[in-house]
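1. quick one, fold the following:
(one chain, ligands or ions: 1)
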Amino acid sequence: MEVREGDLVLIYIDKRRKKLVKAIKGKVFGSDLGVLKLDDVIGKRYGESVEFSTGARAYILKPTLEDVLFSFKRRTQVIYPKDLGLMAIKLGAGPGKRCLEGGSGSGFVAATLSWFGCDVASFEVRKEHLYVAKRNLEEVGLRVTFVNASIGEAPEVYGEESFDAAAVDVGDPWKYVDGVWRALKGGAPAAFWLPTYNQLEKLKEASRGKFIWMESLEVNERRLKVEKGATRPEQTGITFTGFWAFLRKVY
Ligand SMILES: C[S@@+](CC[C@H](N)C(=O)[O-])C[C@H]1O[C@@H](n2cnc3c(N)ncnc32)[C@H](O)[C@@H]1O
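-> Got it, this is the predicted structure:
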């Protein structure tokens, strides 16, 4: 498969030096290795390498969702790929699913659900965050409807029982349990992201009688350094991120 003008491509030099760029004629990509003419990228097959002005080479790769997310500007804490992958599965994300999200933050959740084919309405109270999330998604060609309002207002904006799933990452989420419940269809899954144990307890109390508390969990990731005769866990990396609570709406 060849790179066409306007495609997003990942310029991969090494693990630490990789950059998502749009292949536009006449533009250049500059790095510590010199300059790469994007004209030279257009027409290449994904997986081939290209040459910088210094003679150094980089690979041209088709971006994954992870590459896309790590190209985003961040104005808030974000949910990481290890946690987003499980969220997408638990929410049953897929084409045609109407998903409610709050808050948009930097757009990581919105982008993930949109990437999986969901039709997403993302609620965000802070205009400056909404703007960053919207820009992030526009830059990579993902479409989501952003709403500058509290997630608690979703049933007023979209009507009762209009969503197939919900993802909630806001401060004090227990305050919005009722709004999320009203916005969801019967039996629909909801994923709440929380950073502390006591918040899980508060959410469980608030959701009693409205949702089944399916499970709460933490996703741990252990990276490995693979070298012949010395393969072992990496000594640095992401430690704690947060907890998921997965619920299902009931009557
Ligand atoms: C940690 S960020 C969300 C990050 C997002 N999950 C991501 O991965 O990019 C939390 C966001 O929730 C927004 N927020 C707080 N209360 C809200 C509410 N009631 N409704 C909608 N957004 C809210 C904040 O302004 C903030 O942008």
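2. residue closest to the middle of this protein?
-> residue 108 (2.7 Å; CA atoms, centre = their mean).
3. for that one, which non-adjacent residue is closest in space?
-> Nearest residue to residue 108, sequence neighbours excluded (CB to CB, 6 or more residues apart in numbering): residue 78, at 4.4 Å. In this view, the C-beta of every residue, glycine as well, is placed from N, C-alpha and C.
4. alpha carbons only: can I get stretch 20-37 in CSV?
-> Provided in CSV are the C-alpha atoms of stretch 20-37 (Å, rounded to 0.1, in the frame of the first residue of the first chain):
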residue,chain,number,x,y,z
LEU,A,20,3.0,11.7,13.0
VAL,A,21,2.9,14.0,9.9
LYS,A,22,0.6,14.7,7.0
ALA,A,23,2.1,13.9,3.7
ILE,A,24,1.7,17.3,1.9
LYS,A,25,3.6,18.1,-1.3
GLY,A,26,6.2,20.8,-0.9
LYS,A,27,6.4,20.5,2.9
VAL,A,28,9.4,19.3,4.9
PHE,A,29,9.8,17.5,8.2
GLY,A,30,12.8,18.6,10.3
SER,A,31,14.6,16.7,13.0
ASP,A,32,18.0,16.4,14.6
LEU,A,33,18.8,14.1,11.6
GLY,A,34,18.2,17.0,9.1
VAL,A,35,15.4,17.6,6.8
LEU,A,36,13.0,15.1,5.1
LYS,A,37,11.1,16.2,2.0
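5. doesn't residue 13 lie inside a strand?
-> Yes - checked against DSSP: H, G, I helix; E, B strand; the rest coil, residue 13 lies within a strand.
6. ok, how many other residues are close to it?
-> When counting by other CB atoms under 10 Å, one arrives at 17 neighbours for residue 13.
7. what's the answer for residue 58, then?
-> That count, for residue 58 with other CB under 10 Å as the rule, works out to 22.
8. the stretch 1-150 of the chain against the ligand: which residues are in contact?
-> 76-79, 102-103, 105-109, 123-126, 129, 150 (CB under 6 Å from any ligand atom).
9. buried members of these into PyMOL, please.
-> Those of those that count as buried under 16 or more other CB atoms under 10 Å are selected in PyMOL with:
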select buried, resi 76+78+79+102+103+105+106+107+108+109+123+124+125+129+150
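10. which strands and helices sit next to the longest helix seen in the chain?
-> Criterion DSSP state H: the longest helix present in the chain is helix 127-139. Packing partners of helix 127-139 (3 or more CB pairs under 8 Å, 6 or more residues apart in numbering; DSSP states H and E): helix 108-115, strand 145-147.
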